[in-house]
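In: Output the structure for:
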Amino acid sequence: MENQMIAMNSPPLYEKIVEKPKPYRVYACLHLLLILCFLGYRLLNPLDESYKIWIVAFACEIWFGFQWILEWNMRWLFVDYKTYPERLAQRYGGESASKLPPVDIIITTADPFKEPPIITANTVLSVLAIDYPVQKFACYISDDGASTITFYSLVETLRFAKIWVPFCRKFDIETRAPFMYFYKENTQQSNNSDPNFVKEWQEMKDEYEDLKRRIMKASATPEVPLDSISHDVDDGFAHRSSDIRNHSSVVKVLYENSGDERDILPHVVYVAREKRSKVDHHYKAGAMNVMARMSGLMTNSPFILNLDCDMFVNNSKVIQHAMCFFLDCKFERDCGFVQFPQLFYRSIKDDPFGSQMKIFLSTLARGMDGLQGAIYCGTGCFHRRKALYGVPPAADQYNNKDGRNFHNHAKVFHDLKTSSWSLEVLSNTFGPSSALAACAQTVMRDTQYIVHSSPSSAIDEALNVASCCYETNTAWGKEVGWMYGSTVEDVMTGFKIHCLGWHSVFCIPEQPAFLGTAPVNGPDSLVQMRRWVTGLLEIFLSKLCPFLGIDRDIMVRQRMVYAYLTLWGFLSVATFFYAILPALCLLTGKSFLPGISNPAFAIAVALFVSIYGFKLFEFLRIGGSIREWWNNQRMWLIQCLSPFLLATFDVLMKLLRVSETVFVVTPKGTGEEDDCCESDFTFDSSSLFIIPTTVLFINLAAIVSGSVIFVAGRYHIFRDKLFAEYFCSLWVMINLWPFVKGLVRKGKRGIPWNVVTKSAALALILCSSTWRQN
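Out: Here you go, the predicted model:
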């Protein structure tokens, strides 16, 4: 109430800018007309002799049109937000600073070999140096690998942090991840001629280089001796087996904000949850739920920021930017979470692997803000703890004319509300810990923020909630916390929050809030996409399917956003058939596309130019290059034919109970400059490369066949019947040009022979079956 009174007498902390893009809307109407005209042509011109080809083509074209409509739902209205953190400083300056809400920051890592500890160390250092009162935030590190290497690196990092954080604050350093700061060393030195700064700068760089050497040396060893990092005989490290799926809980308060050093660093807590090989640990979602319980016990801040270990803080006022929304939104429901964009440092020029998602960040995310808000992207996101706990927004802030019972949308909390969230009932939801239930009760009742002063006093209870069996017969992963059942727990959790009636915000400050690493080669990029699409399909086939649950408090057009994402797997099936259909027609002398002399040919050409011309326009509009556009649209076809298609197969095998989906950690670089120098597509023996190579072989054979027809003098047949199919095969081959080069190259830039032979055999089977039916 006191914060609301302050807000009423102060200027707004953020501004909402709405844009109705009329040119986009005109183009969308014209393109939709072209789609309907082409579908009308297809419907009125069935292929009696080749009805199977006609059915497949018509089904694919309907699906492409449906997917296009879902995508354009996000381009109809754009919303931008501008935050004013300086006004927040004025509103909560001086004695009012005590009214700022506390924040729990959770950093996750899982594998010290795929996620180098030096990168985790830099992320931790950037978090500890955030420009926010140190008594008002805490840093939790979740190490899902229970690695002594990671723990040792964090202990060493804390020693360096005690001099690094004061240095950043003293000289108002903006880039607070040391590896990036010292990478810009010439700029930093030239901007400050203070002799004291130059001296301290050099000392700081020497200290960081020493820290880096120690961490890199430890990373080169399989294990760090326990006696060098821990003297507690009973801690979890001492009872840890060599299997990272089988170890006890480890909870260490590395730094406690108390005593004489109270103004230097916030609380820093290391957590490795208990894992047992026979108990499902639910990958990252399980780790995040443990951290939600852990932070709830120790500090219980009303807001949570979660970061991947490679996503460092690039804007020291990032918490202020998020608080501009949380503290100034008109209704509580308007801000369930604030998502910041995933931007990348030292990215490869022209984005050769299509991993920087520029169109999503610059266009689609702004369109989502024009609906119910951005999706949750897994990192760089501030959550309202109340929303994560599955509580709908406060009903008394809604328009009474609405007449909906907002608590009916949360199955668990509909019953809890009637009991005023008693501790006994909350224990059935949050687990047997009465202390955790009490902490949850304060959050759900919107009790005034209470800053816990001693995390170490809650360690015994923290070990209890970190056990692998704690969640049995509770609502964790179902109604509370991060959702289980998908390898993209972020999108699933965000969808659940939106279904409760919450809105979200996509915030893009001028100074990027976070910077991270993108996959630096072809295989890593495809592996990441395979995991994403697998998880998205799992959501579509779950109880949280966007087309189910008519009583959910979510906008219809927001459902369309999630439908667009979760249907990528099915889109790959249509793309695969449409990529080989023209080639198979060329090989059998049949046609399913209009010939040059057919008036419908103009419609097909107009559709082609419209699709690719608009994509090019969008890239040029945001400052991209023609090469970047080409790389992204080429990678989209490769992704549809490779990770998307295999992800669909993975989910099918899961439904048939043949196998389970697996969460694969994407390798991160070390932050060194040579990590991002690889722009050529590389290959390995993975099954990811079999389908694209198969499609390439089929289209190469079709191109040869079509060329023979043309050279043989049957020009009229080629012009009137096969030209469109020939062009499509050429277009597919050009898009798969990295695979064409891979056929003639050697080493990692060449396609391995086992992939080539499997693809050739598969292509031969598909072609021979087509000839046999012909």
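In: alpha carbons only for contacts and neighbour counts from here, please
Out: OK.
In: What are the buried residues along the lengthiest helix in the chain?
Out: Ranked by residue count under DSSP state H, the longest helix found in the chain is helix 195-219. Using 16 or more other Cα atoms under 10 Å as the test for burial, helix 195-219 gives Trp201, Met204, Lys205, Tyr208, Leu211, Lys212, Ile215, Met216, Ala218, Ser219.
In: Please list all residues in contact with the second one.
Out: Contacts for Met204 (Cα atoms under 8 Å, 6 or more residues apart in numbering) come out as Ile163, Trp164.
In: With the fourth one instead?
Out: The contact partners of Tyr208, by Cα under 8 Å, 6+ apart, come to Phe160, Pro178.
In: Tell me how far it lies from Ala121.
Out: 11 Å (Cα to Cα, to the nearest Å).
In: What mean pLDDT does the longest helix of the chain get?
Out: Per-residue pLDDT over helix 195-219 has a mean of 90.
In: and if you look at stretch 271-284?
Out: On average, stretch 271-284 scores 90.
In: which of the residues in that stretch are buried?
Out: Those would be Val271, Ala272, Arg273, Glu274, Lys275, Arg276, His281, His282, Tyr283, Lys284, for stretch 271-284 by 16+ other Cα under 10 Å.
In: you'd agree the second one is up against Lys252?
Out: No. At 9.0 Å, Ala272 and Lys252 do not qualify as touching, with contact defined as Cα atoms under 8 Å.
In: just for the stretch 201-350 of the chain, where's the confidence low?
Out: The model of the stretch 201-350 of the chain has pLDDT under 70 over residues 225-244, 259-261.
In: What sits closest to Ala57 if chain neighbours are left out?
Out: Leaving aside its chain neighbours, Ala57 sits nearest to Tyr578 (6.9 Å; criterion: Cα to Cα, 6 or more residues apart in numbering).
In: For that neighbour, which three-state class applies?
Out: helix (DSSP: H, G, I helix; E, B strand; the rest coil).
In: Assess the claim that it and Cys60 are in contact.
Out: Yes. Tyr578 lies in contact with Cys60 (Cα under 8 Å); the separation is 6.9 Å.
In: what about Phe614, helix or strand, and which?
Out: Element membership for Phe614 (DSSP states H and E) is helix 600-621.
In: now the angle from whatever helix or strand comes next after that helix to helix 600-621?
Out: Helices and strands here follow DSSP H and E; after helix 600-621, the next one along the chain is helix 626-641. Using axes from the mean of the first three to the mean of the last three Cα atoms, to 10 degrees, the direction of helix 626-641 lies 120 degrees away from that of helix 600-621.
In: Quick one: list the elements packing against helix 626-641.
Out: helix 568-588, helix 600-621, helix 690-711, helix 723-735 (3 or more Cα pairs under 8 Å, 6 or more residues apart in numbering; DSSP states H and E).
In: who's in contact with the third one?
Out: Counting by Cα under 8 Å, 6+ apart, the neighbours of helix 690-711 from elsewhere in the structure are 579-580, 583-584, 586-587, 638, 641-642, 715, 718, 722, 726, 729-730, 732-733, 736, 739-740, 755-756, 758-760, 762-763, 767.
In: Report the distance from the helix or strand Leu154 falls within to the chain centre.
Out: Assigned by DSSP H and E, Leu154 belongs to helix 148-170. Its chain's C-alpha centre and that of helix 148-170 lie 28 Å apart, by Cα atoms, centre = their mean, to the nearest Å.
In: That one: which residues count as buried?
Out: Neighbour count says helix 148-170 has 148-158, 160-162, 164-165, 167-168 buried, by 16+ other Cα under 10 Å.
In: right, and the helix or strand after the longest helix of the chain?
Out: Counting by DSSP H and E, what follows helix 195-219 is strand 250-255.
In: Tell me where the stretch 51-200 of the chain has helices.
Out: 51-72, 85-91, 117-128, 148-170, 178-183, 185-190, 195-219 (DSSP state H, counting those that start in this stretch).
In: and the ones you listed as CSV, adding distance to Glu256?
Out: Below are the helices of the stretch 51-200 of the chain laid out as CSV (distance: least, Cα to Cα, whole Å):
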stretch, distance to Glu256
helix 51-72, 48
helix 85-91, 26
helix 117-128, 13
helix 148-170, 11
helix 178-183, 23
helix 185-190, 32
helix 195-219, 22
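In: quick one: which of those helices is nearest Arg245?
Out: Nearest to Arg245, of all the helices of the stretch 51-200 of the chain, is helix 148-170, at 14.6 Å by Cα to Cα.
In: Touching that closest one from outside, list them.
Out: Residues contacting helix 148-170 (Cα under 8 Å, 6+ apart): 112, 117-118, 121, 125, 128-129, 131, 143, 173-174, 176, 200, 204, 207-208, 211, 215, 218-219, 223-226, 229, 237, 254-255, 264-265, 270.
In: What of stretch 605-621?
Out: Contacts for stretch 605-621 (Cα under 8 Å, 6+ apart): His31, Leu34, Ile35, Ile359, Ser625, Ile626, Glu628, Trp629.
In: Just the buried ones from those, in ChimeraX syntax?
Out: Of the contacts of stretch 605-621, the buried ones can be selected in ChimeraX as follows, counting by 16+ other Cα under 10 Å:
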select :31,34,35,625,628,629
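In: If we only consider the contacts of stretch 605-621, which is nearest to Ser542?
Out: Looking across the contacts of stretch 605-621 and measuring by Cα to Cα, the closest to Ser542 is Ile359, at 28.3 Å.
In: Need the three-state assignment for that closest one.
Out: Going by three-state DSSP: Ile359 is helix.
In: Next up, the contacts around it.
Out: Ile359 touches Glu618, Phe619, counting by Cα under 8 Å, 6+ apart.
In: same question, Leu364
Out: Met74, Arg75.
In: what about it, distance to Gly373?
Out: Applying Cα to Cα to Leu364 and Gly373 gives a distance of 11 Å.
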